[in-house]
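Asks: based on what follows, work out the 3D shape:
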Amino acid sequence: MQPIQAAFPATRHRRNRRSAALRALTRENELSVNNLIWPVFIREGQGIEEPIASLPGVSRLSLDRLLVRAEEAAALGIPAICLFPYTDPDLRNETCEEAWSPDNLTNRAIRALKAALPELAVMTDIALDPYNANGHDGFVRDGIIVNDETVEALVKMALAQADAGADILGPSDMMDGRIGAIRQALEAAGHKDVAIMSYAAKYASAFYGPFRDAVGAGSRLVGDKKTYQMDPANSDEAIRLVARDLAEGADMVMVKPGLPYLDICHRVKEAFGAPTFAYQVSGEYAMIQAAAQNGWIDGEKAMLESLMAFRRAGCDAILTYFAPALARLLRG
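Replies: Residues are numbered from 1 along each chain as shown. Predicted coordinates for the structure are as follows:
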């Protein structure tokens, strides 16, 4: 669309910026609490809120404290929470069977949340890294992350989470064919209403470090994830991956990380019009928090500006550790 405007001085763009009221009237995008999903780290124990050093302001929560924080989030109007487990090291091995145990930490958390707060949407993570002895999202055989055998495990993991009551499943593993396999299994098991938010365009990024600390996978990671996560140089590939996952039955798609990949968010929304999400990942959040704590930037303004960027790029919602802070700010 070619804009039509009179020449200066008939057109003065500053007219629409001269007051808060005029800026509000001409604002193109808005941030709402409805645009938020809150990622939360959980751990075993009782009465525990364990601060994560590399994620200022974020803690691992025992299930009783999770319920307290989730109730606060629901009262703020946050519509969804996403669970990431810190698994007991003794339960991490190369066979990863804890990932689909009906009574693992995540599945117990799902049941507790749905019993206490049935209207709060519960999203989960589907990948083997919190359970894997070597920190990878899939099984490792002779130094290679194998695809098809991993997909079989991810299907079992998805069914266990759906049985526990999860509303949204988030396959974050980047194995080929896992969306179709999970969707087929869900339908066969009667879980026709469980949504899949596919991490369709997940890049092999340097911005995941604090997250790996939070789930205890960083120190265990052997090698890197470049054979299954995307090359940061590629954008057309992201479009092909999103198209594939939507064709296989994904209800929503995600781009990860967020701010370094706003061009991908925009392309995905423009190309498909499907519900498009982004994850403001741990490294993005930690950089803002660290700079704010050092007095180098205004943390609140940087939070707002960074989250508005996702909306401007076309994202329908954002997974962000800032969710409670933004929700409180929006409520005044």
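Asks: pull out the buried residues from stretch 192-200.
Replies: Neighbour counts over stretch 192-200 (16 or more other Cβ atoms under 10 Å) mark V194, A195, I196, M197, S198, Y199, A200 as buried. Any C-beta I mention is one placed from the backbone N, CA and C, and that applies to glycine too.
Asks: what helix or strand is P56 located in?
Replies: According to DSSP states H and E, P56 maps onto no helix or strand at all.
Asks: is it in contact with A291, as I believe?
Replies: No: the criterion here is Cβ atoms under 8 Å, and P56 misses it with A291 at 10.6 Å.
Asks: those two: who's more crowded?
Replies: P56 (17 against 14; other Cβ atoms under 10 Å).
Asks: chain neighbours aside, what residue packs nearest to that one?
Replies: Excluding the flanking residues, the one nearest P56 by Cβ to Cβ, 6 or more residues apart in numbering is Q289, at 4.2 Å.
Asks: what about that neighbour, how many residues nearby?
Replies: Using other Cβ under 10 Å, Q289 has 22 neighbouring residues.
Asks: please renumber so the chain begins at 271
Replies: Sounds good: first residue 271 from here, last item Q559.
Asks: what helix or strand is it located in?
Replies: helix 552-563.
Asks: now do the strands in this protein.
Replies: 306-312, 319-321, 329-331, 350-355, 391-396, 410-411, 414-415, 438-441, 465-472, 522-526, 546-549, 587-589 (DSSP state E).
Asks: spit out the contact partners of E540.
Replies: G584 (Cβ atoms under 8 Å, 6 or more residues apart in numbering).
Asks: quick one: contacts of the lowest-mean-pLDDT helix or strand in the chain?
Replies: Using mean pLDDT, DSSP states H and E, helix 479-485 stands out as the lowest-scoring helix or strand of the chain, at a mean of 91. With contacts defined as Cβ under 8 Å, 6+ apart, helix 479-485 is touched by 311, 322-325, 328, 330, 354-357, 399-400, 405, 488, 491, 551-553, 555-556.
Asks: so what sits opposite L589 in the bridge?
Replies: I307, Y549 (DSSP bridges).
Asks: measure it to P527 for me?
Replies: 11 Å (Cβ to Cβ, to the nearest Å).
Asks: what touches both of those two?
Replies: By Cβ under 8 Å, 6+ apart, the residues touching both L589 and P527 are A548, Y549, Q550.
Asks: next, count neighbours for the last one.
Replies: In this case it means Q550. 26.
Asks: isn't it up against S576?
Replies: Yes: counting by Cβ under 8 Å, Q550 does reach S576; the two are 6.8 Å apart.
Asks: identify the contacts common to those two.
Replies: What both Q550 and S576 touch, as defined by Cβ under 8 Å, 6+ apart, is the set L529.
Asks: about what we covered before: what subset of the contacts of helix 479-485 is buried?
Replies: 311, 322, 324-325, 328, 330, 354-357, 399-400, 405, 488, 551-553, 555-556.
Asks: the closest residue to V303 other than its chain neighbours - how many residues pack around it?
Replies: Nearest non-adjacent residue to V303, counting by Cβ to Cβ, 6+ apart: G347, 4.2 Å away. The tally of other residues near G347 (other Cβ under 10 Å) stands at 13.
Asks: ok, G347 to E300 distance?
Replies: Taking Cβ to Cβ, one finds G347 at 14 Å from E300.
Asks: please apply the same query to M557.
Replies: M557 is 25 Å from E300, by Cβ to Cβ.
Asks: before we move on, the earlier item: in terms of secondary structure, what does the helix holding Q559 contact?
Replies: With contacts taken as 3 or more Cβ pairs under 8 Å, 6 or more residues apart in numbering; DSSP states H and E, helix 552-563 sits against helix 479-485, helix 569-583.
Asks: how about the CA coordinates for it, as PDB?
Replies: The C-alpha coordinates for helix 552-563 follow below in PDB (Å, rounded to 0.1, in the frame of the first residue of the first chain):
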ATOM      1  CA  SER A 552      16.100 -16.500  28.800                       C
ATOM      2  CA  GLY A 553      19.100 -14.700  27.300                       C
ATOM      3  CA  GLU A 554      16.900 -11.800  26.000                       C
ATOM      4  CA  TYR A 555      15.200 -11.400  29.400                       C
ATOM      5  CA  ALA A 556      18.500 -11.700  31.300                       C
ATOM      6  CA  MET A 557      20.200  -9.000  29.200                       C
ATOM      7  CA  ILE A 558      17.400  -6.500  29.900                       C
ATOM      8  CA  GLN A 559      17.400  -7.400  33.600                       C
ATOM      9  CA  ALA A 560      21.200  -7.200  34.000                       C
ATOM     10  CA  ALA A 561      21.400  -3.900  32.200                       C
ATOM     11  CA  ALA A 562      18.600  -2.500  34.300                       C
ATOM     12  CA  GLN A 563      20.100  -3.700  37.600                       C
END
